[in-house]
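J.: Predicted model and sequence below, questions to follow.
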Amino acid sequence: MEQQILIADEVAELLRVDRQRVYELARRNAIPVIRLGERQYRFDAEAIRQWIARGGSLAESKDDE
């Protein structure tokens, strides 16, 4: 299966938040992010789905080990 990459607007739509909130979360490393440069971010769709399933936590649960 091909990896789906999202932009901030798409993540904002998934989370039902403003795009600026997505950028804020990315800058704080509070959301899984792929950095393409100092100010360019992309997001792996599956990583975002897993992040949402964990309740917005980046930490892996012991069940995932």
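T.: Structure received. Numbering: from 1, shown residues only.
J.: Run a quick neighbour tally on residue 58.
T.: When neighbours are counted by other C-beta atoms under 10 Å, residue 58 registers 12. C-beta here means a position set from N, CA and C on the backbone, and glycine is covered the same way.
J.: so it sits right up against residue 26, yeah?
T.: No: no contact is recorded between residue 58 and residue 26 when judged using C-beta atoms under 8 Å, the distance being 11.8 Å.
J.: Mind listing residues that contact the longest strand along the chain?
T.: Taking DSSP state E as the criterion, the chain has its longest strand at strand 41-44. Identification of contacts with strand 41-44 by C-beta atoms under 8 Å, 6 or more residues apart in numbering yields 3-8, 10-11, 23, 26, 31-36.
J.: just stretch 48-56 next, same as before
T.: Residues from elsewhere that reach stretch 48-56 (C-beta under 8 Å, 6+ apart): 6, 11, 14-15, 30-32, 57-58, 61.
J.: What residues sit buried inside it?
T.: Taking 16 or more other C-beta atoms under 10 Å as the basis for neighbour counts, the residues of stretch 48-56 that come out buried are 48, 51.
J.: Report the distance from that stretch to the chain centre.
T.: When C-alpha coordinates are averaged (C-alpha atoms, centre = their mean, to the nearest Å), stretch 48-56 and its chain have centres 8 Å apart.
J.: export it as PDB, just CAs?
T.: Coordinates of the C-alpha atoms in stretch 48-56 are reproduced here as PDB (Å, rounded to 0.1, in the frame of the first residue of the first chain):
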ATOM      1  CA  ILE A  48      -2.000  10.800  12.200                       C
ATOM      2  CA  ARG A  49      -4.700   8.100  12.400                       C
ATOM      3  CA  GLN A  50      -2.700   6.200  15.000                       C
ATOM      4  CA  TRP A  51      -2.000   9.500  16.900                       C
ATOM      5  CA  ILE A  52      -5.800  10.200  17.000                       C
ATOM      6  CA  ALA A  53      -6.500   6.600  18.100                       C
ATOM      7  CA  ARG A  54      -4.100   7.000  21.000                       C
ATOM      8  CA  GLY A  55      -5.900  10.200  22.000                       C
ATOM      9  CA  GLY A  56      -3.400  12.600  20.700                       C
END
